[in-house]
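Enquirer: I would like to see how this sequence folds:
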Amino acid sequence: MKLLFVHQNFPGQFLHLAPEMQRRGHDVRAVCDAVNNCPPLVPLSRYSFRPQPVDPAATRLGRTYTMTSDRGVVVARHCRSLRERGYVPDVILGHSGWGETLFLKEVWPEARLLVYSEFYYQGRGADAGFDPEFQNAGFDQVMIAQGRAAYQAQAVVHADCGLTPTRWQASTHPPLLRQNLEVIFDGVDCNRLTPNPAASFSLPNGRVLKVGDEVLTFVNRNLEPYRGYHIFMRALPAVLAARPEAQVVIVGGDETSYGQPPKQGGKWKDVILNEVRDRLDLTRVHFTGKVPYDCLVNLIHVSRVHAYLTYPFVLSWSMVEAMAAGALVIGSRTPPVQEMIEDGVTGRLVDFFDVDGWSAALIDALARPEAYLSMRKAARAMVRANYDLRSICLPRQIDLLTRLERGWHTASRPMAQGAPAT
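Expert: So this is what the prediction gives:
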């Protein structure tokens, strides 16, 4: 088939699927933003998007739609030039998050359109207003959050099918849209993440951590409240006091991926660190910034305890990767995490805001690693059985593309199920 991927940050969620389809002999291409410097895994066509400033007073609740639809227009015009040169895909797979797919059916009405719709904004019940320390929870904020969903709804309505990675993320969509979604996780490479007793990780100060060392890890793309960085850091003083041999490794950048930057200025990393700095032994707290993936895998292998927190929002790959690698994951008791972790069976769950509870859980897991061996094994087994890239997720994704190319779509069918909810 002729398959076109559309993602401003390509490959994004299509890191494995796009090259695999090319390897199988399909004509695979991708469209991305010109500022994306990704390696050309498949032939790339880049569009240039230079948005005009949006006046919030004039656009009001429509300001997000204005930005996303403007990008959609730019992408559509770029794709129209591809059509004029004779290119017509059989199937288009694009991320709905930035408006890129909004008008592609106007360019290629004969193509099947599959949108990756990983999250649907809501005024209540998900991330909006979850953390009153950093979010306003008034009615205006409810309307703003709900207003952001306009372009997401349009993207799914105009598609032949939607794809979302977890059942909880699918559940954020309204029922009328949910029935057109297929739930297939992105997948983690369980073979690459096989526990490695010989693994080691070099800290910025030159010290080398090995399997068996008392290592506590925290990993996210960026260190920010959406991923519970503030809760983790507030739990650390008690952990370090109780565990004098513990080494804490924190991976992540200092940008803002989700939510707002600090009102007082600066970076979330420093704002929260400064709050607890005088109660921490900073010789045992190591900030690495972002690290290459091979280094991240080695770090997970030497980790005795891996902490993961998130608002009710998109689930991070890193948590499932840690489980696949056989790490003990202590996660926040929030819906995206609860879908993956059964408390006391495949890991531990702690209420997101319970700082003392986090300290106690981390201290116990660091002190008694042998008591948690069965959870580590059960977590890896669960991921292998339900979320393995090669044996589970890629085959399901490829099957969906094949069925879509042949004219099948999910409308009026029950939402496809992933692993059993826990």
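
Enquirer: Show the low-confidence segments of this protein, by residue range.
Expert: Under the criterion pLDDT under 70, the flagged ranges of the chain are 408-422.

Enquirer: Domain ranges for it, per the record?
Expert: 2-187+389-405, 200-386 (automatic domain parsing).

Enquirer: Next, format those domains as JSON lines and append mean neighbour count and distance to residue 194.
Expert: C-beta coordinates here come from the backbone N, C-alpha and C atoms, glycine included. Formatted as JSON lines, the domains of the chain follow (neighbours: other Cβ atoms under 10 Å; distance: least, Cβ to Cβ, whole Å):
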{"stretch": "domain 2-187+389-405", "mean neighbour count": "18", "distance to residue 194": "13"}
{"stretch": "domain 200-386", "mean neighbour count": "19", "distance to residue 194": "8"}
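
Enquirer: check which helix or strand covers residue 348.
Expert: Element membership for residue 348, per DSSP states H and E: strand 348-350.

Enquirer: repeat for residue 218
Expert: strand 215-222.

Enquirer: okay, the following helix or strand past that strand in CSV with CA atoms only?
Expert: As assigned by DSSP H and E, the chain's next helix or strand after strand 215-222 is helix 229-242. Presented in CSV, the C-alpha positions along helix 229-242 are these (Å, rounded to 0.1, in the frame of the first residue of the first chain):
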residue,chain,number,x,y,z
TYR,A,229,8.1,16.2,40.0
HIS,A,230,7.1,18.4,42.9
ILE,A,231,5.6,15.5,44.9
PHE,A,232,8.7,13.3,44.3
MET,A,233,11.1,16.1,45.3
ARG,A,234,9.1,16.8,48.5
ALA,A,235,9.2,13.1,49.4
LEU,A,236,13.0,12.9,49.0
PRO,A,237,14.3,14.5,52.2
ALA,A,238,12.7,11.7,54.3
VAL,A,239,13.9,9.0,51.9
LEU,A,240,17.5,10.2,52.0
ALA,A,241,17.5,10.6,55.8
ALA,A,242,16.3,7.0,56.2
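
Enquirer: Other residues contacting the next helix or strand after helix 229-242?
Expert: Next along the chain after helix 229-242, taking DSSP H and E as the criterion, comes strand 247-253. For strand 247-253, contacts defined as Cβ atoms under 8 Å, 6 or more residues apart in numbering pick out 201, 203, 207, 209, 213-223, 227, 229, 236, 239-240, 269, 284-291, 296, 299, 303.

Enquirer: how near is residue 143 to residue 314?
Expert: From residue 143 across to residue 314, the span is 22 Å (Cβ to Cβ, to the nearest Å).

Enquirer: Give me the contacts around the helix or strand where residue 318 lies.
Expert: Using DSSP H and E, residue 318 sits within helix 317-324. If you take Cβ under 8 Å, 6+ apart as the criterion, helix 317-324 is touched by 185-186, 188-190, 193, 217, 219-220, 296-297, 300, 303, 306, 308, 329, 331, 337, 340-341, 346-347, 379-380, 382-384, 387-388.

Enquirer: quick one: it to strand 247-253, angle?
Expert: Orientation of helix 317-324 against strand 247-253 (axes from the mean of the first three to the mean of the last three Cα atoms, to 10 degrees) gives an angle of 140 degrees.

Enquirer: Mind listing the strands the next helix or strand after helix 317-324 pairs with, and their directions?
Expert: Next in sequence after helix 317-324, counting helices and strands by DSSP H and E, comes strand 329-332. Sheet pairing of strand 329-332 (DSSP bridges) gives strand 305-308 (parallel), strand 348-350 (parallel).

Enquirer: In a markdown table: those strands, plus distance to residue 154.
Expert: Shown next, in a markdown table, are the strands paired with strand 329-332 (distance: least, Cβ to Cβ, whole Å):
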| stretch | distance to residue 154 |
| --- | --- |
| strand 305-308 | 33 |
| strand 348-350 | 36 |
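
Enquirer: Out of the ones you listed, which is closest to residue 139?
Expert: Nearest of those to residue 139, taken as Cβ to Cβ: strand 348-350 at 30.9 Å.

Enquirer: ok now stretch 343-354, how far from the chain's centre?
Expert: Between the centre of stretch 343-354 and the centre of its chain there are 20 Å (Cα atoms, centre = their mean, to the nearest Å).

Enquirer: what sits up against that stretch?
Expert: Residues outside stretch 343-354 that contact it (Cβ under 8 Å, 6+ apart) are 131, 228, 231, 309, 311, 323, 328-334, 337-338, 340-341, 357-358, 361, 365, 375, 378-379, 382, 422.

Enquirer: What ranges does the stretch 101-250 of the chain have for its strands?
Expert: All strands of the stretch 101-250 of the chain, identified by DSSP state E, counting those that start in this stretch, fall at 112-116, 161-164, 181-183, 200-202, 208-210, 215-222, 247-253.

Enquirer: Tabulate those (a markdown table), appending distance to residue 22.
Expert: What follows is the strands of the stretch 101-250 of the chain, written out as a markdown table (distance: least, Cβ to Cβ, whole Å):
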| stretch | distance to residue 22 |
| --- | --- |
| strand 112-116 | 17 |
| strand 161-164 | 19 |
| strand 181-183 | 22 |
| strand 200-202 | 33 |
| strand 208-210 | 38 |
| strand 215-222 | 27 |
| strand 247-253 | 30 |
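
Enquirer: Between those strands, which one is closest to residue 12.
Expert: strand 112-116 (8.4 Å).

Enquirer: Give me the helices and strands touching the closest one, please.
Expert: Judged by 3 or more Cβ pairs under 8 Å, 6 or more residues apart in numbering; DSSP states H and E, strand 112-116 is in contact with strand 91-95, strand 161-164, helix 394-405.

Enquirer: Turn these into a markdown table, including distance to residue 63.
Expert: Below are the helices and strands packed on strand 112-116 laid out as a markdown table (distance: least, Cβ to Cβ, whole Å):
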| stretch | distance to residue 63 |
| --- | --- |
| strand 91-95 | 20 |
| strand 161-164 | 25 |
| helix 394-405 | 33 |
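
Enquirer: Run through the helices of the stretch 1-150 of the chain in chain order.
Expert: Secondary structure of the stretch 1-150 of the chain (DSSP state H, counting those that start in this stretch): helices at 17-23, 56-59, 63-84, 104-107, 139-147, 150-157.

Enquirer: ok, the closest residue to residue 226 other than its chain neighbours - contacts?
Expert: Leaving aside its chain neighbours, residue 226 sits nearest to residue 258 (4.0 Å; criterion: Cβ to Cβ, 6 or more residues apart in numbering). When contacts are counted by Cβ under 8 Å, 6+ apart, residue 258 touches 127, 224, 226-227, 311, 313.
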